[in-house]
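1. Curious how this folds, go ahead:
(2 chains)
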Amino acid sequence: EAGVTQFPSHSVIEKGQTVTLRCDPISGHDNLYWYRRVMGKEIKFLLHFVKESKQDESGMPNNRFLAERTGGTYSTLKVQPAELEDSGVYFCASSPGGSGIRGGEQFFGPGTRLTVL
Amino acid sequence: AQSVTQPDIHITVSEGASLELRCNYSYGATPYLFWYVQSPGQGLQLLLKYFSGDTLVQGIKGFEAEFKRSQSSFNLRKPSVHWSDAAEYFCAVVPYNNNDMRFGAGTRLTVKP
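-> Next up, the predicted model:
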C-alpha cells in the first residue's frame, strides 16, 4: 500500500511568486492534515480536512495560504504571494476514520521543502 | 501556556549505549502522547503512542516510553542504540479537548561508532 506522497520534494521560488504544494493521502483516509516546520522551530499544525471539508484551519498563518481538497482525495496548499518567512518544510499526514486524531495514527509524508528567496 | 518541550536539541551517544530522550508537556488534562522519528529524506514515522492504561509503552524498533503523570513527562528510551537510529525524534501531543497534534522542537540523535 502506498504511503502519503507529497510533491514537489523541494521548491525554490522568489518572494512574491506563487507555489502550490500537493499531498496525496493514503487511499481511503478521510482525515488529511497539513503541518509546517520553519527552520529551527517546532512542527506546527496548519489545518485539518475531513473528506473535502475543512474541519479546523486555526493554524493557517494568514490569508496568503489556501488549502483545498476537492473530492476528498488529494489536497493542495497554495501560497500566494510567498514571503521569506514562508520558507520551511511542509508536511502532510492522513489518518483513517471520520473522528479525527483520537484512536488513530497519523501517517506522514516526506514533506516539501520550500525555500523563498 | 500549553506546550511540549524537548529540552535536548542534539544528543550524541555511542553505538550500543542506552538512550533516553526527554519530553515534557504542559496541559491541564493529560493529552494523548506520541513519539515520532524522522530519518533523512523520510516522513515522520510513529514509534509509539499513549492514550491510557499501562504507563510503560512498547514501540517499534526496540523503543519504549514511560508516561509519568506526576512529572508531566513521556520520555523515550532504548537500551542499546544502533547506528541506524540516528535521526530526529519528535514528541507530540493531542490535547484532550481538540484534535490538533502539537509537536516539540525535536531532538537530533547522532550515533558514534
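2. and chain B, which residues reach chain A?
-> Neighbours of chain A within chain B, by C-beta under 8 Å from any C-beta of the partner chain: B:4, B:32, B:36, B:41-46, B:49, B:51, B:90, B:92, B:94, B:98-106. C-beta here means a position set from N, CA and C on the backbone, and glycine is covered the same way.
3. Low-confidence bits of chain A, can you list those?
-> Along chain A, segments meeting pLDDT under 70 span A:1, A:98-104.
4. which SS state does the residue nearest to A:Gly40 when sequence neighbours are not counted fall under?
-> Closest residue to A:Gly40 apart from its sequence neighbours, by C-beta to C-beta, 6 or more residues apart in numbering or on different chains: B:Ala105 at 7.9 Å. The local conformation at B:Ala105, judged by DSSP: H, G, I helix; E, B strand; the rest coil, is coil.
5. Quick check: B:Ala105 vs B:Ala92, distance?
-> 11 Å (C-beta to C-beta, to the nearest Å).
6. between the two, which one's more packed in?
-> It is B:Ala92, of B:Ala105 and B:Ala92, that has more neighbours when counted by other C-beta atoms under 10 Å in any protein chain shown, with 27 against 18.
7. picking that back up, contacting residues for the residue nearest to A:Gly40?
-> Going by C-beta atoms under 8 Å, 6 or more residues apart in numbering or on different chains, B:Ala105 touches A:40-42, B:5-6, B:9.
8. Against B:Val94, how distant is it?
-> As judged by C-beta to C-beta, B:Ala105 and B:Val94 stand 17 Å apart.
9. Tell me where chain B has strands.
-> With DSSP state E as the criterion, chain B has strands at B:3-5, B:10-14, B:19-21, B:24-26, B:32-38, B:44-50, B:56-58, B:64-68, B:73-78, B:87-94, B:102-103, B:107-112.
10. can you list those in JSON lines and add distance to A:Asn63 and mean pLDDT?
-> Listed next are those as JSON lines, based on distance: least, C-beta to C-beta, whole Å; pLDDT from 0 to 100:
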{"stretch": "strand B:3-5", "distance to A:Asn63": "27", "mean pLDDT": "91"}
{"stretch": "strand B:10-14", "distance to A:Asn63": "36", "mean pLDDT": "97"}
{"stretch": "strand B:19-21", "distance to A:Asn63": "38", "mean pLDDT": "97"}
{"stretch": "strand B:24-26", "distance to A:Asn63": "30", "mean pLDDT": "93"}
{"stretch": "strand B:32-38", "distance to A:Asn63": "30", "mean pLDDT": "94"}
{"stretch": "strand B:44-50", "distance to A:Asn63": "28", "mean pLDDT": "92"}
{"stretch": "strand B:56-58", "distance to A:Asn63": "41", "mean pLDDT": "96"}
{"stretch": "strand B:64-68", "distance to A:Asn63": "39", "mean pLDDT": "97"}
{"stretch": "strand B:73-78", "distance to A:Asn63": "36", "mean pLDDT": "98"}
{"stretch": "strand B:87-94", "distance to A:Asn63": "27", "mean pLDDT": "94"}
{"stretch": "strand B:102-103", "distance to A:Asn63": "23", "mean pLDDT": "90"}
{"stretch": "strand B:107-112", "distance to A:Asn63": "34", "mean pLDDT": "96"}
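11. what's the neighbour count on A:Asp30?
-> Around A:Asp30 there are 20 residues (other C-beta under 10 Å).
12. Isn't it up against A:Lys51?
-> Yes. Taking C-beta atoms under 8 Å as the definition, A:Asp30 is a contact partner of A:Lys51 at 5.3 Å.
13. Can you name the residues that contact the closest residue to A:Gln6 other than its chain neighbours?
-> Among residues not flanking A:Gln6 along the chain, A:Gly109 sits closest, at 4.1 Å (C-beta to C-beta, 6+ apart). The contact partners of A:Gly109, by C-beta under 8 Å, 6+ apart, come to A:3-6, A:23, A:91-93, B:43.
14. Many thanks, I have nothing further to ask.
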